[in-house]
Each structure stands twice: as structure tokens, then as C-alpha cells.
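> kindly return the folded structure for what I paste below:
(one chain, ligands or ions: 2)
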Amino acid sequence: MSGHKMKRGGMNSRQGGTGPGSARASARRPEPWWSSAVFYQVYPRSFADSNGDGIGDLDGLTARLEHLEQLGVDAIWINPVTVSPMADHGYDVADPRDVDPLFGGMAAIERLIAAAHQRGIKVTMDVVPNHTSSAHPWFQAALAGGPGSAARGRYFFRDGGGPDGALPPNNWESVFGGSAWTRVVEPDGTPRQWYLHLFDPEQPDLNWDHPDVFDDFEKTLRFWLEHGVDGFRIDVAHGMAKPPGLPDTQGVKTGVLRHSDDDPRFNHPSVHAIHRDIRTVVDDYPWAVTIGEVWVTDNVRWAEYLRPDELHLGFNFRLSKIDFDAGEIHDAIQNSLAATALESATPTWTLSNHDVGREVSRYGGGEIGLRRARAMAMVMLALPGAVFIYNGEELGLPDVQLPDEVLQDPTWERSGHTERGRDKCRVPIPWSGDTPPFGFSTCADTWLPMPQEWAALTVKKQRADPDSTLSFFRRALELRRARSEFDGGEIEWLDASRGRLIFRRRGGGLVCALNAGRRPMALPPGELILSSAPLVNDKLPRDAAAWLV
Ligand code: GLC
Ligand code: CA
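Numbering: from 1, shown residues only. Ligands and ions are numbered 1, 2, ... in the order given. Predicted structure coming up:
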């Protein structure tokens, strides 16, 4: 069954209006497909392996699309699959217009796009404009060209400080730990210039003031859109424009995998001109969506990315950053809605991704973590806008405590073994069977080891169990797409006190109740259509949520 092909129609409240313009109501455009879509994020290394090398790939994903169709998602976002030495598992791109053989090459993505579309699932890809791989031909030409060469102008090459130029050009630190500068050995065999990499040394930052950079990025966008993709997730979308002169940062709070709003290396005002240029290209493909990874917390500055001539959607990480606390959840939702309202944009929601630990573990792990994760999924799915589900979230997977020797995230080495990094939330998906690799691969030696306890969490087991997390997600997605009570772009708070959160969708009338307090909670009036845990004496137990119509 592919009911999601028959999405309800309807208008978005932001396109309506009560002012003089509302006389033109009949000319309102229908909502774009992404405005209430459920996106499913596929971390391709970890989804399904088709050729037995222990690493997931695109044919593996294509073979498992039935799972996503049954789950009822509208679109997938695939993390980078383009040609890469995989220093940052694909976020170090050596050729943005070809698929890495590890993932199956171009033919495999063509098969994936066709098969996904046949099932009514859209395909969005990751693009990485901020940097390339150090193996990219441009960077190789820059190394070979030497100081002052035209080829170095596409990146940030600078002489160092100190008497011998042996000190980095400024005090910037890499997001992955250590200096953001690496010194190169020049073609004459002597060490001299340094180049900038906000992430790994294998990810040199591009100089977006150089005209080749946008021209090439435009080619990449058009290349994939002509191949039938439905849009892009834009990596580090707030990072491409650097402050002129690359001045030292003063008193900025940074840390491994962390930066704050006052960090001048990100969110420079001139980044918006780049987004406007990107939008003029994407507007040639009216179905396509752009979703920016924008790590900016200030509402006003974040919303600037969603002006009508910039990005369609911006990731909103607020729910991925807070505890299971009613006050924090209320404020995160309010703030998120207030931020998107500044530009009449579409809200987005995400509980976790490949960079952020899994919510089951963040909420305390074990039974309680899982209960809370299910409850929060209901809160997220009850909200207006687009939703992002990270692969494995629908199975209730927790983070995995991996031994030191298997860690692969560059942050582990670069932080001097103080930050374990993101591998914990990237462990392959368990599909079936009682022992690793649980149908993920035919090779027991998967790229990250899979825990034996996941025997209880396989897709196959959960499919057969009506009370499983997977069955719960399927039901929730089914209700969300089928019922008109989920319509409308605004919510109204009915209660937000003493650990309780109750809100109503103004348009359709759905009521979502969350009990994050200590005592069982009486349900608000209405017909219960789903709860994340069984009611006890007609009351909603703690750490649970319910939907009523
Ligand atoms: C983004 C990606 C992250 C990657 C980084 C550098 O934050 O989500 O996984 O390491 O960019 O490309
Ligand atoms: Ca493989």
C-alpha cells in the first residue's frame, strides 16, 4: 500500500491571509510536497550492504526500500555518496558529480532514484559546498602550483606567523579538534604555506570569493537535478563565507564538534548572497527543495536563511539539544515556531542525526529512554511542518558504547582521545536474525561492530510485534498522513504546567498530550487515537504521549 502518494491537499496557513490580499485566495498555490513531509535520513554506510564488504551501499538501500514504503515516509535524505577518500565518511568530496565505487557508482544511484520514485518516495542528496577533499583535483593542483599560484586562490593558503612562518596564520581551531591550519611541503621540498580546514585536514575550505567555486557548485546542482533528485541537504550552510582578512577569534567559546553564535567563522552575513545564487539555480527545477544545515541559535539570524529567495527549509536542532523536560520542550517548540514565523517559513523538527547522539540514550537509555523517545516522536509528529527521522530511530536504537580500537570518527584522534565522536550513533541497522550482522551484510566484520543485544530490535522481529517501536512509528505516520486533524500551521497551548504539555493543532484540531511529570495524567477530552504507552486506569502514565481528535 502506498497511501502516502495520496497526500491530503489543503493550503498552508502562511499562504492564506486575512488582509486585503485574501481576496486573491482562489489564486493560492497548493502546498509544496515538502511542507509537511516526513523525511527519512539514510546514513548509507550503515543502512544495508549488498556486496558483503561490511559497508552499506546504494544497492543495499534500493533492496530495502520496502521497509521505508511500509513505514510511510515521503522522502529520503542520503548522506554523501559521492567520490571520496572517506576521511569524514563522504563529507570529504573528491568528485561531486560521481558516486563512489564503495557505494556502487553512478549506475547504483540511478537504480535507487528510479526504484524510490516508483514507490512514491522522493530522493534528496547531501551536497558539501564549504570544503572539498584534499584529494580533489583542485586541491592537488593547488599543492603542485606552489605559493602565489592561481590554483591556490580557490582555497585559503597563507604564509605562517613567527620568524620561520612555522606558526599557523591565525588562532582558529578545527571543529574536530586541533588547529584549523595545516602546513604543506612545497613543490621545492621545503615546508612553507598553510591551508585552512575548519574540519579535518583532508577537508580544505573553499574560497567562495573565487568565481570557479560557485560555477562548479552550480554544475553539481544541475547535474543531480537532471538525474532526477528532488532536492538537497546543504552541509554547513552557514559556513561558506569567512570574515575578510581571517582575523584571530577573541573569546569565542568553541570545543570539539561545537561552536557558538558568536563564532565569526560561521554565519558571516555574506553567506546569504551565496544562498541567493543557489536559489536562482534551484528555482529552475520547481519541485526541488533545499534544506540547510544551519547551526545558528538566534531566531532572527537563523530565519534569515529562510528568506523567500534563500533556502526552502532550515534544520532546526532545538529538540535534539534538550532534555526530556516539559519546560525545555515547550520553549524549544515555541522558539522554533517563532523563528520560522519571522519569514513565514515552514518549521522543521529533528530529534537526532548522524552527528547528534540517539535520543533513547540522551533520555537516559534502557526502558525509560525508549519510552521517552517514543513520546517525543509523537510530539514531533504532531507539530506542523516537515519532520526528519534518522535511520534506526523507528527501531528505538540506542547509542552503542564502542571500544576505542574501532572508533573511526576523526574527532577521536584529533581531540587527543578525549572526544569519542559520532560513531556511537552510526552503527549498522539490524534487519533480521539472532546474531550480528543481523542481515545488514553477509560479512560478520561490519565497519562498526553491532551489539548482540540488538537481536531483540531487528526490523523482522519488530514487524511481527504490534507493540514494537517500529509498529508504533508505522501507525503514527499512517495517522499523520491520513487524518485531517493534522492540518493547519499553528498550535495553541492548552496546558504547559507541572510536567504536562498539551497542545492543539489550530486548523485540524488534533490534540497532543505529553506527560513528562511524575504522576499519571488525566487525558484531555476527545477520542484517543494513539498513545506511546498503554494507559493505566484511563490515565496517561509518566514518560508517555497521546493523540486525541
Ligand atoms: C556537517 C556534517 C558532519 C560533517 C561536517 C563536515 O556538520 O553533518 O557529519 O562532519 O559537516 O562536513
Ligand atoms: Ca557494500
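> count the residues that sit near the closest residue to ligand 2 within the stretch 51-200 of the chain.
With Cβ to the ion as the measure, D57 is the residue of the stretch 51-200 of the chain nearest to ligand 2, at 3.8 Å. All C-beta atoms are positioned from the backbone trio N, CA, C, and that covers glycine. When counting by other Cβ atoms under 10 Å, one arrives at 27 neighbours for D57.
> next one: V83 from ligand 1, what distance?
Using Cβ to the nearest ligand atom, to the nearest Å, one gets 15 Å for the distance from V83 to ligand 1.
> count of residues packed around the residue nearest to that residue when sequence neighbours are not counted?
Nearest residue to V83, sequence neighbours excluded (Cβ to Cβ, 6 or more residues apart in numbering): D95, at 3.8 Å. Neighbourhood size, D95 [other Cβ under 10 Å]: 16.
> likewise A522?
The number of residues packed near A522 is 12, by other Cβ under 10 Å.
> same question for Y285.
Here the neighbour count serves as a burial measure; for Y285 (other Cβ under 10 Å) it reads 16.
> contacts only, for it.
By Cβ atoms under 8 Å, 6 or more residues apart in numbering, the contact set of Y285 is L225.
> do you know how far it is from ligand 1?
Noted for Y285: a distance of 24 Å to ligand 1, by Cβ to the nearest ligand atom.
> so which helix or strand takes in that residue?
Secondary-structure element containing Y285, defined by DSSP states H and E: none, the residue being outside all helices and strands.
> may I have the host helix or strand of F223 as CSV, with CA atoms only?
F223 belongs to helix 211-226 when elements are defined using DSSP H and E. This file holds the C-alpha atoms of helix 211-226, laid out as CSV (Å, rounded to 0.1, in the frame of the first residue of the first chain):
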residue,chain,number,x,y,z
PRO,A,211,34.2,32.6,-9.2
ASP,A,212,35.1,29.0,-10.1
VAL,A,213,33.7,27.8,-6.8
PHE,A,214,30.1,28.8,-7.5
ASP,A,215,30.3,27.9,-11.2
ASP,A,216,31.3,24.4,-10.2
PHE,A,217,28.7,24.1,-7.5
GLU,A,218,26.0,25.2,-10.0
LYS,A,219,27.2,22.4,-12.3
THR,A,220,26.8,19.9,-9.4
LEU,A,221,23.3,21.1,-8.5
ARG,A,222,22.2,20.9,-12.1
PHE,A,223,23.9,17.5,-12.6
TRP,A,224,21.9,15.9,-9.8
LEU,A,225,18.6,17.6,-10.6
GLU,A,226,18.9,16.4,-14.2
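> hmm, who's touching it?
By Cβ under 8 Å, 6+ apart, the residues outside helix 211-226 that reach it are 96-97, 125, 127, 129, 138, 154, 206-208, 232, 274, 277-278, 281-282, 284-285, 288.
> what comes up buried for that helix?
Using 16 or more other Cβ atoms under 10 Å as the burial criterion, the residues of helix 211-226 that qualify are V213, F214, D216, F217, T220, L221, W224, L225.
> distance to ligand 1 added to those residues, as TSV?
Below are the buried residues of helix 211-226 laid out as TSV (distance: Cβ to the nearest ligand atom, whole Å):
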residue	distance to ligand 1
V213	16
F214	19
D216	17
F217	15
T220	15
L221	17
W224	18
L225	22
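> farthest-separated two in those?
V213 and L225 (18.9 Å; Cβ to Cβ).
> and the contacts of stretch 250-261?
Here stretch 250-261 makes contact (Cβ under 8 Å, 6+ apart) with 173, 175-177, 262-267, 295-298, 301, 355, 411, 414-415, 418-419, 421-422.
> direction included, what does the following helix or strand past the helix holding F223 pair against?
Taking DSSP H and E as the definition, the helix or strand that follows helix 211-226 towards the C-terminus is strand 231-234. In the sheet containing strand 231-234, its partner strands are strand 122-127 (parallel), strand 289-292 (parallel), by DSSP bridges.
> and strand 231-234, what's buried?
Applying a neighbour-count criterion of 16+ other Cβ under 10 Å, one finds G231, F232, R233, I234 buried in strand 231-234.
> looking at the residues you listed, spot the one nearest ligand 1.
Closest approach to ligand 1 among those (Cβ to the nearest ligand atom): R233, at 8.7 Å.
> write out the residues of this protein neighbouring ligand 1.
For the chain, the residues found near ligand 1 under the criterion Cβ under 6 Å from any ligand atom are D88, Y91, V128, F199, D235, V236, E293, H354, D355.
> let's see it at 8 Å
The chain has residues 79, 88-89, 91-92, 128, 130-131, 175-176, 199-200, 203, 235-236, 293, 295, 353-355, 422 near ligand 1, with proximity defined as Cβ under 8 Å from any ligand atom.
> restricted to buried residues, select those residues in PyMOL.
Selecting only the buried entries of those in PyMOL, with 16+ other Cβ under 10 Å as the criterion:
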select buried, resi 79+88+89+91+92+128+130+131+175+176+199+200+203+235+236+293+295+353+354+355+422
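> which residues in the stretch 401-549 of the chain form strands?
Counting by DSSP state E, counting those that start in this stretch, the stretch 401-549 of the chain has strands at residues 491-497, 500-505, 511-515, 521-522, 528-531, 539-540, 544-548.
> dump these to a markdown table, plus mean pLDDT.
Conversion of the strands of the stretch 401-549 of the chain to a markdown table gives the following (pLDDT from 0 to 100):
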| stretch | mean pLDDT |
| --- | --- |
| strand 491-497 | 96 |
| strand 500-505 | 98 |
| strand 511-515 | 98 |
| strand 521-522 | 97 |
| strand 528-531 | 98 |
| strand 539-540 | 98 |
| strand 544-548 | 98 |
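> adding distance to ligand 2, write those strands out as TSV.
Written out in TSV, the entries for the strands of the stretch 401-549 of the chain read as follows (distance: least, Cβ to the ion, whole Å):
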stretch	distance to ligand 2
strand 491-497	43
strand 500-505	42
strand 511-515	40
strand 521-522	47
strand 528-531	37
strand 539-540	44
strand 544-548	38
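> need the winner for burial among these.
Neighbour counts (mean count of other Cβ atoms under 10 Å) averaged over each of these peak at strand 511-515, with a mean of 26.
> report the angle between it and strand 500-505.
With axes from the mean of the first three to the mean of the last three Cα atoms, to 10 degrees defining the directions, strand 511-515 sits at 170 degrees from strand 500-505.
> minimum distance to ligand 1, which residue of the chain gives it?
When Cβ to the nearest ligand atom is the measure, the chain has its nearest residue to ligand 1 at Y91, with 3.3 Å between them.
> one step back: got a quick PyMOL command for the buried subset of the contacts of helix 211-226?
In PyMOL syntax, the buried subset of these is picked out as below (16+ other Cβ under 10 Å):
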select buried, resi 96+125+127+129+138+154+206+207+208+232+274+277+278+281+282+285+288
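> cross the contacts of helix 211-226 against helices and list the overlap.
Counting by DSSP state H, these place W138, I274, D277, I278, V281, V282 in helices.
> tell me the one of those nearest ligand 2?
For ligand 2, the closest of these turns out to be W138, at 28.5 Å, with distances computed as Cβ to the ion.
> OK, contacts around the closest residue to the closest one other than its chain neighbours?
Leaving aside its sequence neighbours, W138 sits nearest to R154 (Cβ to Cβ, 6+ apart; 5.3 Å). Residues touching R154, when contacts are defined by Cβ under 8 Å, 6+ apart, comprise W138, A142, L206, N207, H210, D212, V213.
> wait, N515 sits on A533?
No - the criterion here is Cβ atoms under 8 Å, and N515 misses it with A533 at 9.3 Å.
> now the common contact residues for the two.
In the contact map built from Cβ under 8 Å, 6+ apart, the residues linked to both N515 and A533 are A375, P541, D543, A544.
> which residues sit in contact with the third one?
Remark: with contacts taken as Cβ under 8 Å, 6+ apart, D543 is in contact with F324, I368, R371, R372, A375, N515, A516, A533.
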